[in-house]
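Visitor: starting from these lines, generate the structure:
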Amino acid sequence: MDDEAFDGVFRALADPSRRKLLDRLNAVNGQTLRQLCDGLTMARQSVSKHLAVLESAGLITTTRRGREKLHYLNAEPVNAIADRWLGRYARARASALADLKTALEQAPMTSTEFAYTTYIKTTPERLWEALTTPEFTRQYWGISLESTWEVGAPVVWGMGDVIMDDPDHQVVLESKPFERLAYAWHTLTDDFAKAVDLGGEQLTAWRAEPRSKVTFTLEPMGELVKLTVIHDDFMKGSAILPEISQGWPSILSNLKTLLETGEPLPNLT
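Guide: Down below sits the predicted model:
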């Protein structure tokens, strides 16, 4: 993120009304304009203007579902600020303190979706290739995805020696090359559970949840491509969603770095 983009983020955050809108999206993500206006003293037009500033700064992202326009909190600009001014160890310490504060103060999670937007210096064709080619996904994600990428086609996940396959349900849901891709999330197989040390009550709880889906939207913007990722269809109080929300930012940062530099991020674990 360059200095001009940082300036835009700080200007957007300087207004208390805009911070209040971000707080509302943090509590319940994916709200319409009507829902965000509910209970506020601001006029609908004022809320729309504030949302436009937040979207321009990259602090929120939007998508359409039918006639409705949904607004999502986007964490990438805040992550960029932390990356610029916090070293690796200082950030880890700050994150630990923030986690403690959240555990003590925050109400239980009510959101049923994860949303993230990033801007990548690449082309839609190259980004599509990175999302759908196993040779690419192994580099920034550590998994392989095998599919013809036609609607209804199975998506076979590979993680080392572990193969996750369910041709009836683990399938492509939308496919418009270079623009939009959606598929059902992978099956929690016994081999996968063993590989990631998932078992007992946690595994039982995860398997009791409905299958989720992930949607990628690609929008060219000059030399950049705006990539919006929405992972939804989680139940309220989902045990899986917090894990998903922690995993996606690092995966997408790795994807961005790989496409822009030719090398994924170093493994800092």
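
Visitor: what about stretch 177-197, average pLDDT?
Guide: The pLDDT scores in stretch 177-197 average 95.

Visitor: what about it, start to end distance?
Guide: Stretch 177-197 has an end-to-end distance of 36 Å (CA to CA, to the nearest Å).

Visitor: in that stretch, which residues are buried?
Guide: 181-186, 188, 192-193 (16 or more other CB atoms under 10 Å). For every residue, glycine as well, the C-beta is placed using N, CA and C.

Visitor: what's the spatially closest residue to Met42 that is not a sequence neighbour in contact with, if anything?
Guide: Spatial nearest neighbour of Met42, excluding adjacent residues (CB to CB, 6 or more residues apart in numbering): Ser17 at 6.4 Å. Shown in contact with Ser17 (CB atoms under 8 Å, 6 or more residues apart in numbering): 42, 46, 50.

Visitor: so which bits of the one helix or strand Ser17 maps to are buried?
Guide: Element membership for Ser17 (DSSP states H and E) is helix 16-27. Across helix 16-27, burial judged by 16+ other CB under 10 Å covers 18, 21-22, 24-25.

Visitor: can you put those residues in TSV and add distance to Val162?
Guide: Below are these laid out as TSV (distance: CB to CB, whole Å):
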residue	distance to Val162
Arg18	44
Leu21	42
Leu22	38
Arg24	40
Leu25	36
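
Visitor: which one of those is nearest Gly152?
Guide: Nearest to Gly152 among the buried residues of helix 16-27: Leu25, at 33.4 Å, using CB to CB.

Visitor: what's the spacing between that closest one and Gly200?
Guide: Distance check for Leu25 against Gly200: by CB to CB, to the nearest Å, it reads 34 Å.

Visitor: likewise for Lys194?
Guide: According to CB to CB, Lys194 and Gly200 sit 12 Å apart.

Visitor: anything in contact with each of those two?
Guide: Common neighbours of Lys194 and Gly200 (criterion: CB under 8 Å, 6+ apart): none identified.

Visitor: residue contacts, the residue nearest to Ile60 when sequence neighbours are not counted?
Guide: Excluding the flanking residues, the one nearest Ile60 by CB to CB, 6+ apart is Leu54, at 4.6 Å. When the contact criterion is CB under 8 Å, 6+ apart, the partners of Leu54 are 12, 18, 21-22, 60.
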